[in-house]
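1. Next one to model:
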Amino acid sequence: MAVPGSTGRQTGGLRSLLRRPGGARPAEHDRAVRDEDIVAELYREYHRPLLAFVLRLTGGDRPWAEDVVQETMIRAWRSADRLDDRTSSLMPWLATVSRRIVIDNRRHREVRPPEVGDGPLENLPMADELDGLLRKVVVTEALESLSPAHRQALTETVLRDRTVNQAAEHLGIPVGTVKSRVYYALRALRVALEERGVTS
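-> Predicted coordinates for the structure are as follows:
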């Protein structure tokens, strides 16, 4: 795959700034000036072709691509002492570095769950003890509105979790009577709850 900007040309500006391997270290002040010049030359010469290359790697995500190019340039600046001025172009090295940065970013995004704002949390229904208490009061009132026989049949079968046969034995009435009382008690309870504003 051809790397954009790898035309084989390199201007004298960047080439003259790169230190030959084994060369003498510049003085601290000269080094700071030299570093600024290297960064300026790197951007001047390689920013556009590198950005075009990285845009393809990031699927057209320009902000991400610009971040990758910036990180690549920083790494090139930090490695300026190790770069060889005899190379015809730094583009292959820059492309390799930027490709690795994109791969690392993708791996990091896959591992970390996506971030969300506070919006979904604001709409999340929260359990409120007051709602539960009000519901208990309404159900208790609705149960008290039933006849004692119907309330007793529901208490034995629903609240005490007994079978119809067990409830009949405990109440001392026939099984059929318990079934009919439970049926009519549930109908009356439904009406009583609807009167109090509780719907299913």
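2. A149 in helix, strand or coil?
-> Of the three states, A149 takes helix according to DSSP: H, G, I helix; E, B strand; the rest coil.
3. if I look at it, how far off is A185?
-> 8 Å (C-beta to C-beta, to the nearest Å). Bear in mind the C-beta positions are built from the backbone N, C-alpha and C, glycine included.
4. quick one: which of these two has more around it?
-> Neighbours were tallied for A149 and for A185 using other C-beta atoms under 10 Å; the higher tally belongs to A185 (22 against 14).
5. For the more buried one, which non-adjacent residue is closest in space?
-> Among residues not flanking A185 along the chain, H150 sits closest, at 3.5 Å (C-beta to C-beta, 6 or more residues apart in numbering).
6. Residue ranges in this structure under the pLDDT threshold?
-> Scanning the chain for pLDDT under 70 picks out the ranges 1-33, 35, 83-87, 114, 117-128, 200.
7. again, 50 this time
-> Filtered on pLDDT under 50, the chain yields the residue ranges 1-11, 20-23.
8. Determine the number of other residues adjacent to L146.
-> There are 20 residues near L146, going by other C-beta under 10 Å.
9. how about it, what does it touch?
-> L146 makes contacts with 154, 185, 188-189, 192, as judged by C-beta atoms under 8 Å, 6 or more residues apart in numbering.
10. surely A95 meets L51?
-> No. A95 is beyond contact range of L51, at 11.5 Å (criterion: C-beta atoms under 8 Å).
11. export stretch 71-87 as CSV, just CAs?
-> Output in CSV follows, covering the C-alpha atoms of stretch 71-87 (Å, rounded to 0.1, in the frame of the first residue of the first chain):
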residue,chain,number,x,y,z
GLU,A,71,0.6,12.2,18.9
THR,A,72,2.7,10.9,16.0
MET,A,73,4.5,14.3,15.6
ILE,A,74,5.2,14.3,19.3
ARG,A,75,6.7,10.9,19.1
ALA,A,76,8.8,11.9,16.1
TRP,A,77,10.0,15.0,18.0
ARG,A,78,10.9,12.9,21.0
SER,A,79,12.8,10.5,18.7
ALA,A,80,14.5,13.2,16.6
ASP,A,81,17.9,12.2,18.0
ARG,A,82,17.4,8.7,16.7
LEU,A,83,16.1,9.6,13.3
ASP,A,84,18.6,9.3,10.5
ASP,A,85,19.0,12.2,8.1
ARG,A,86,20.1,9.9,5.3
THR,A,87,16.6,8.5,4.9
